[in-house]
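Okay, structure incoming, though there's no sequence with it:
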């Protein structure tokens, strides 16, 4: 859809007399103008959509920095002296800091385990020609789509019996397991893009199969590993259902913490909740903007490459 | 690659999936035929769980809500998402920054997004949306009435998940071949005809991919319901997964009943997945 496309009638008259050429020039210019106007209009519409889409976060920010009285008036107060008591209260008066630390720990451990286990397997699935590969892949697709409670309720029961309920260990194990099919699907897409000839060349040069994988393929997998890593990190960080089921106090993560604070339904916690939201939304939005290329590939589950 | 190497490379992941996914899944299946008190082994009770579920109006309501929600939200997401993707594809500057900003509502943790989203509709916070609606004479109790609460859950899903549709379809639009479009234009096809007969069919696989993901995600909706309408049971916004949680860990500890609901949901999901699985199978075989 570029400006070089012309309407069928003017195109058919191509190569005729001079007046016709002048006319074509005029329609071409008119079209160019129309294109520019359309582009501006669409830009405005899209800007409106963006503002609407970000308004919940803007509102949360305003709520966080309003004085206590001003935050809960109806109709809303628009003029106020910004203050940051809610942020101070969040760090000093609640467990936010320690929960945040624990959530990062859980997310990073999940990424490390998921990649160490997932990368070699994805490589094998991408390379092995037999029938086992596709069967496992289908299984992975099915496992990715089934309800998580079907996996996590048995986890809950088992972790109670083994005495590892409410520990990071149980949570990481569950997160790695639930996300493994997705990690595999994502990585397989990237491994397929690396030509088989490279493995063969490395092996002819005297590498073992594992050596070829470690020295030749893994370095080429940079973008794929980053994508899968960023993805698993975001998913582990934001996972609510699994963490809700498997934790209570000591291994609680941010989403569970926030939901519990919200569940208390106490007006005094709303501003600290707003402050927490903003502190978490800002980094995630930056990741979304700067890692957009990887996100496109990752969100598409390997089906779409950005 | 030889079988020996295949096994060596994939063994850790396969063992992990066997132990931590397959065994729990089988446990769920077994539990669905048992009465399972927490902390004790289950006692076989045949199809009693399924009989109880199918005669429970609450399960019926949850199923109806979940399926209705899935259909409406999926259609709305695809229409809005395609519209926005078309607009984005048409503008010349600022495309990437707009896409990045639009992604925000998709990548923030669902719990936080749902919380912030619901605040716009909450009168305690000044209820900005309600202020706007009051101007046209509407007064809606979003958080306490059945109809509006359902609409609110749907609106949240639209706000939260449409960016994914936009992103996938935009990636497709960007790689569209130019020849069929030019040919259609030369043949005098107008904008609607070009969309209907050229662009949408060319993007077919991406539409079905988005459709599939949307159906899967909607059938499992849980996080937003817990946050926006904690009293989902009385508000008519209880989804299948919210029901499972209440039965298994919320108001009672009936793992057998919850597992039976999970098994039924799995069956429903797999049936819907079949066309996609056949596609994956063919692709994997030909690769």
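Yes, it's here. Remember, predicted model here, so these are calculated numbers, not experimental data.

Name the nearest residue to the residue in chain B positioned nearest to chain A, ignoring sequence neighbours.
Per Cβ to the nearest Cβ, residue B:126 is where chain B lies closest to chain A, at 2.9 Å. Any C-beta I mention is one placed from the backbone N, CA and C, and that applies to glycine too. Nearest residue to residue B:126, sequence neighbours excluded (Cβ to Cβ, 6 or more residues apart in numbering or on different chains): residue A:76, at 2.9 Å.

what sits against the residue of chain B closest to chain A?
A:72-77 (Cβ atoms under 8 Å, 6 or more residues apart in numbering or on different chains).

Of those, which is the nearest to residue B:171?
For the contacts of residue B:126, the residue nearest residue B:171 by Cβ to Cβ is residue A:76; the value is 38.8 Å.

how near is the residue minimising distance to the centre of chain B to residue B:174?
For chain B, the residue nearest the mean C-alpha position is residue B:217 (2.0 Å; Cα atoms, centre = their mean). Noted for residue B:217: a distance of 24 Å to residue B:174, by Cβ to Cβ, to the nearest Å.

Likewise for residue B:30?
With Cβ to Cβ as the criterion, residue B:30 and residue B:174 are 48 Å apart.

go on, residue B:64?
Applying Cβ to Cβ, the value for residue B:64 to residue B:174 is 39 Å.

just checking, next helix/strand downstream of the biggest helix by length in chain B?
Ranked by residue count and defined by DSSP state H, the top helix of chain B is helix B:57-90. Sequence-wise, the next helix or strand downstream of helix B:57-90 (DSSP states H and E) is helix B:95-107.

Now do the buried residues in that next one.
B:95, B:98-107 (16 or more other Cβ atoms under 10 Å in any protein chain shown).

Quick one: neighbours of residue A:23, just the number.
The number of residues packed near residue A:23 is 13, by other Cβ atoms under 10 Å in any protein chain shown.

ok, back up a step: also near chain A: which of the buried residues of helix B:95-107, exactly?
Contacts with chain A within the buried residues of helix B:95-107, as defined by Cβ under 8 Å from any Cβ of the partner chain: B:98-107.

quick one, what contacts the residue nearest to the centre of chain B?
With Cβ under 8 Å, 6+ apart, residue B:217 has these contacts: residue B:161.

Also residue B:263?
Counting by Cβ under 8 Å, 6+ apart, residue B:263 has contacts A:150, B:28-29, B:32.

any chance of the residues you listed in TSV, with secondary structure and neighbour count too?
Listed next are the contacts of residue B:263 as TSV, based on DSSP: H, G, I helix; E, B strand; the rest coil; neighbours: other Cβ atoms under 10 Å in any protein chain shown:
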residue	secondary structure	neighbour count
A:150	helix	26
B:28	helix	24
B:29	helix	15
B:32	coil	25
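
ok, of those residues, which one's closest to residue B:168?
Among the contacts of residue B:263, and counting by Cβ to Cβ, the member closest to residue B:168 is residue A:150, at 26.9 Å.

To what extent is the residue lying closest to residue B:92 once chain neighbours are set aside buried, counted in neighbours?
Nearest residue to residue B:92, sequence neighbours excluded (Cβ to Cβ, 6+ apart): residue A:39, at 5.7 Å. Counted with other Cβ under 10 Å, the neighbours of residue A:39 add up to 15.
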